[in-house]
Each structure stands twice: as C-alpha cells, then as structure tokens.
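[1] Pasting the sequence and the predicted coordinates here, then a few questions.
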Amino acid sequence: QDFTVTRGDNGALTATLAWTNPVKTYGRGGSLESIESVVIFRDGVEVNKIENTTPGAAHTWTDTNISSRGMYSYRIVCYNDAGAGDRVTISKYIGPGNPMPVTDAKVVASGENALVSWTAPTVGKLDSWIDVNDLTYDIMRLPDNVQVAESFKGTSFTDTTLPTIGKYSYAITPKTGGHTGDAVQTVAVVLGPAIQIPATIGFESLDQFNLWTVHDLNANYYKWGYTSGNYPTYVPGAYISYAYDQIAASDMLISPYIKFEAGKHYKLTFDAIPSNVKIPETLDIMFSKNTDYAQQDSVTEFNFYSDQAGQVHSLRANLPVVDKDSTYHVGFYYRSYMAANYGLLINNVNIAEDHEGYISGIVKDAAGKPIEGAQLIVNAGEFTATSDAKGKYTLSYLPEGTYTVEVKKLGYYDATSTATVTELTTTPLDITMTTLPLYTVSGTVKDVAGDPVADATVEVSGYNSYMTSTGADGKFSISGVYENANYAVTLT
C-alpha cells in the first residue's frame, strides 16, 4: 500500500520506489502474520528482491539499472507460505522526454512582417521531464514550405522574409535535449508586403479571392464566394447568389491591405454583372483602415440593373485622398431591395492612380436658354455626356490632352468646340447651339391620270419624321420641318 514511483531528478535514468508492506491477509481480511519476501518487477522482469521483512514495514528502493529513457511499469508482489499477495502496478516515464507541443500559437501582421508567438511547453509527452532551459524551435512557413527559423530560442519570432502578400500560417516544432515534439500550426492569415498601386486586386484566381474578408451581414449563410464561371457570362470572379429565403441581400467583401500615398488620387474600376434582368442592384464602395465591417465608410453608391442577361456594367469610383502614407482597404457592400432573385458577379477589379480630368459646362441657345438632352461626344463616343434640364453636363475621366467636343441636339445645328484637359482639374466649356430654320413642305398628290388622290399618307423622314394626309383635292402641307438635306418623302 502507499506505493509510489518517483523518477530521477533532471531526467536521470533512475526510479525510486516507496511502499508500505501489507498488514492484512489477502481475501480473508485477517491480520497478516509474516512476509517472506517482496519482489519488484520492471516490465514483467524481476529486478530486486527483499527478504526478511515484516508486515507494515516501510521500504524504498532506487532502480539505477535503467539503460534508456522510456515508459516503464513497476509491480510489487509480497510472498509468504500461503503464496503471492495482490499485485500493485505503477507506470512512469523515466528519463528525458519529447516535449509537448506548444500552445497558444498564433501569427499576426506586424507591418509587412509576420509576428509569430506561442507558449512554451513545461513537460514532455507522457508527463515526462524536459529541460525547459534547453528548449528551441524550428519554424516552418506555409504554404510555401520555407523554414524561417531553426533551433530558435524564445517564444516569439518575427518573419521578415515574406515574399509577397498572401495567406500564410506557421508550423512550430519544439526541441530539447536532442528530442523533438509535434508541430503545431497557426491559423492562416493575410500577411506580407502591402499591395502596391497599380494592381489588379480581384478576381483572377481563388488564391486572390482568399485574401479578401467576407462578412455575411444578413446571417443567411449565403455570402460572397469565388466562381470560375457562372451563367450567363461564365467568367471568373467574386459571386453572390440569391436563395429563396425571403432575406434581402446584405453582404460585404473587403480587400487585403493596399499601400496609399499621401496626397495622391486613386481610382477603383471593376465590372459588375447581375444575374437577373430588370432587378435593381445596389453596390457601395467602402474604404477603411481595417477589415471590421462596422468601421467601413461608403465613398460611392451605384444603383443599376440589366436590360438583358449577362450585361456588363463597367464602373468606376474615385477613392479618398489620404493625408499620410499608410495601408487601407477597399470593399464592396452589396444590398438588394428584394428578398429573392438577387445575384451579382464582380471581376476585373483594378486600382490605379488617377491622372484624369473633366470637361464641364452648360449647353445653351443663342438667347442663353439652357438646352436639355444635348449629346456631347468625344473621341467618337469613347467619352459621352448628356445635358440636364439646366443645360449642365460633365465629361468625366479624360486623360490629359486637347479634345474636340461634338454636340448634337434635334432642332439645332451640330456644334463643335475644343478643350484642353489637365490632370485632376475641371476644364470649363460652355457651348452655344444655333437653332435650325423651320420650313413648310407642301404639294399635291395625283394619280397617273393626273387626278388628285384623297387620304393619301405622306411621310417625310430622315433627320426627323413628319406625317400627314392629303385632302379631297390631293393637297397636303407639313409645317415646322427642320432644315436638312437628307429627307425622303414616302406616299402610301
């Protein structure tokens, strides 16, 4: 009874056994009168025998003949003339052990580097002794399988060799006394040098998508994911689809960190392809210092819908100008006004420095009255604008240079003007259009016999369309016809 096995200090290959001889007989519960011997077995082999002992005597014995570290089982058996008593067995790891794995392993971004930290083990496997002062660690970076540290001392390590931004984890393997423990791998996080502008940041591959942070804000388990190609366009991109769960879309997708320089102007361009036709889509462009959805600021909101399946909406947002060099995140916040039938694919996401300018002004007639609906065209339609009810227009995102602006409006002579665009500035350009003269087209419709044809339809078409019918005398008259050399007259 009171049997214990104590391993040797500091990993010594010894084991000290302590026990008290029994005082009761086995099975009958009476007083034990004698013990002839006590035999000690290690792993089933007799290693010591004590004779001439008495019931209730306390003993200790140290096993100094252990040849190698390992798990050993000790059993003590008492004998007298009645036979062997009950067996008592204890197993104990003797000698220095393999260290237990590290705990609390994690990695966080530290600027463009990775800070890996962990808690050191204090014991070995099977509760064995280890020399904690001799602990070192091998550190492997994944998924590129680069050993960034070997036999490293300490419990935090900074990896300064990250080649590019990516999703990385680290495997930490403890070692001590020439013995190795099991590796523990951190959770993978986005690490490495910030994205440098200009860059394509989405979505050429699944690996690129996995750098983004996804927030399922409506908690319906339908969220942004990656597709290599979906109906109706079959192009790769970030995609979110509807479910008939009567929950409107509310989902956010936030980029990895991007290096912005103070005072510079940047633009975000991308293609958005709705899955549905004539269903309104709302997409906000977000901007923030982190990926927390609650910290995102909306800088632009787009509202659009498609007239046909697979229609591509090429969109652009001007991003905020920051006051100091730092890293920032951009994002997409997708919402729907309907609780079903929503879906959107985003691809060709690019961020670049903005060097473009604008032309803006008022289209008016000779009397100074604003003209609504005038079409302004530059570079054969590469840039277009339409004047509003106040005659105002803006031609946006033109590279630096001199341009000819063509202006067209029904009832006015075409007008042209030139403007020089400089970077990030708006060039003012007011345009005056001259009204076309109005004429009256009249005549008589006769048949081949020269008789007038009543109720004949006369249509004048070309620059504009006009229609009337002949009277009983075959005559017709159309007034208010704009001047133009390319009209045709059709009789039916």
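    It's in. Residues are numbered from 1 along each chain as shown.
[2] Sheet partners, orientation included, of the helix or strand bottoming out on mean pLDDT in the chain?
    Sorting the helices and strands of the chain by mean pLDDT, DSSP states H and E puts strand 83-84 at the bottom, at a mean of 84. According to DSSP bridges, strand 83-84 forms sheet pairs with strand 70-80 (antiparallel).
[3] avg pLDDT for the strand it pairs with?
    Averaging pLDDT along strand 70-80 gives 94.
[4] any residues touching that strand, and which ones?
    Residues from elsewhere that reach strand 70-80 (C-beta atoms under 8 Å, 6 or more residues apart in numbering): 3, 5, 15, 17, 19, 21-22, 32-44, 63, 66, 84-85, 87-95, 126. All C-beta spots, glycine's among them, are computed from the backbone N, C-alpha and C.
[5] Centre of the chain to that strand, how far?
    61 Å (C-alpha atoms, centre = their mean, to the nearest Å).
[6] For that strand, buried residues please.
    By neighbour count on 16 or more other C-beta atoms under 10 Å, the buried set for strand 70-80 is Tyr72, Tyr74, Arg75, Ile76, Val77, Cys78, Asn80.
[7] Extract the C-alpha set from it and format it as CSV.
    Provided in CSV are the C-alpha atoms of strand 70-80 (Å, rounded to 0.1, in the frame of the first residue of the first chain):
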residue,chain,number,x,y,z
GLY,A,70,11.0,5.4,-21.8
MET,A,71,7.8,4.3,-20.2
TYR,A,72,8.3,1.6,-17.5
SER,A,73,5.8,-0.5,-15.4
TYR,A,74,6.8,-1.4,-11.9
ARG,A,75,4.9,-4.2,-10.0
ILE,A,76,5.5,-5.2,-6.3
VAL,A,77,4.4,-8.7,-5.1
CYS,A,78,4.6,-9.9,-1.5
TYR,A,79,5.1,-13.6,-0.7
ASN,A,80,4.7,-15.9,2.3
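[8] for the stretch 201-350 of the chain, which spans come out with low pLDDT?
    For the stretch 201-350 of the chain, the stretches with pLDDT under 70 are 230-233, 243-245, 338-341.
[9] now the helices: where do they sit in it?
    All helices of the stretch 201-350 of the chain, identified by DSSP state H, counting those that start in this stretch, fall at 206-209.
[10] do the stretch 51-200 of the chain as well
    Under DSSP H, counting those that start in this stretch, the stretch 51-200 of the chain gives no helices.
[11] wait, what's in contact with the most centrally placed residue in the chain?
    Nearest residue to the geometric centre of the chain (C-alpha atoms, centre = their mean): Trp212, 1.2 Å. Trp212 is in contact with Gly202, Trp224, Ala238, Leu253, Ile254, Ser255, Pro256, counting by C-beta under 8 Å, 6+ apart.
[12] in terms of contact, does Thr435 touch Ala415 like I think?
    No. With contact defined as C-beta atoms under 8 Å, Thr435 does not reach Ala415; the gap is 11.4 Å.
[13] measure the residue nearest to the centre of the chain to Val132 for me?
    42 Å (C-beta to C-beta, to the nearest Å).
[14] ditto for Tyr93
    16 Å.
[15] cool, and Ile359?
    Distance from Ile359 to Val132, by C-beta to C-beta: 73 Å.
[16] So for these two, which sits in the more crowded spot?
    Ile359 (23 against 13; other C-beta atoms under 10 Å).
[17] what's the helix or strand for the closest residue to the more buried one other than its chain neighbours?
    Counting by C-beta to C-beta, 6 or more residues apart in numbering, Leu395 is the residue found nearest to Ile359 once chain neighbours are left out, at 4.3 Å. Using DSSP states H and E, Leu395 sits within strand 392-398.
[18] Repeat that for Ile478.
    strand 475-482.
[19] Tell me which helix or strand comes right after that strand.
    Strand 475-482 is succeeded, C-terminally, by strand 488-491 (DSSP H and E).
[20] For burial, what's the neighbour tally of Pro174?
    Pro174 - counted by other C-beta under 10 Å - has 24 other residues nearby.
[21] Start and end of stretch 471-487, how far apart?
    With C-alpha to C-alpha, to the nearest Å as the measure, stretch 471-487 spans 22 Å from end to end.
[22] who's in contact with it?
    410-411, 436-446, 451-454, 456, 458, 460-464, 466-470.
[23] Quick check: PyMOL command selecting the buried ones in these.
    Remark: buried members of those, expressed as a PyMOL selection using 16+ other C-beta under 10 Å:
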select buried, resi 436+441+445+456+458+460+466+468+470
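[24] Give me the subset of the contacts of stretch 471-487 that lies in strands.
    438-444, 458, 460-461, 466-469 (DSSP state E).
[25] now, among the residues you listed, which is nearest to Ala183?
    Minimum distance to Ala183 across those is 81.2 Å, recorded for Ser461 (C-beta to C-beta).
[26] how far away is the closest residue to that closest one other than its chain neighbours from Gly411?
    Excluding the flanking residues, the one nearest Ser461 by C-beta to C-beta, 6+ apart is Ala488, at 5.6 Å. Distance, Ala488 to Gly411, by C-beta to C-beta: 19 Å.
[27] next one: Gly263
    Applying C-beta to C-beta to Gly263 and Gly411 gives a distance of 47 Å.
[28] What of Gly8?
    107 Å.
[29] for Ala238, same thing?
    Distance from Ala238 to Gly411, by C-beta to C-beta: 47 Å.
[30] Same check on Thr432?
    For Thr432 relative to Gly411 (C-beta to C-beta), the value is 14 Å.
[31] same question, Ala149
    Taken as C-beta to C-beta, the span from Ala149 to Gly411 is 78 Å.
[32] Put the alpha carbons of stretch 300-319 into CSV.
    Below are the C-alpha coordinates for stretch 300-319, written out as CSV (Å, rounded to 0.1, in the frame of the first residue of the first chain):
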residue,chain,number,x,y,z
THR,A,300,-19.7,55.8,-53.6
GLU,A,301,-23.0,54.1,-54.2
PHE,A,302,-24.0,52.5,-57.5
ASN,A,303,-27.6,51.7,-58.4
PHE,A,304,-28.1,49.8,-61.7
TYR,A,305,-30.0,47.0,-63.4
SER,A,306,-29.6,44.9,-66.5
ASP,A,307,-31.8,45.0,-69.6
GLN,A,308,-30.5,41.6,-70.7
ALA,A,309,-28.8,38.6,-69.1
GLY,A,310,-25.1,38.9,-68.8
GLN,A,311,-25.0,42.7,-69.2
VAL,A,312,-21.6,44.0,-68.0
HIS,A,313,-21.6,47.3,-66.0
SER,A,314,-18.1,48.8,-66.1
LEU,A,315,-18.0,51.1,-63.1
ARG,A,316,-15.5,53.5,-61.5
ALA,A,317,-15.2,55.1,-58.1
ASN,A,318,-12.8,57.8,-57.0
LEU,A,319,-11.2,56.9,-53.7
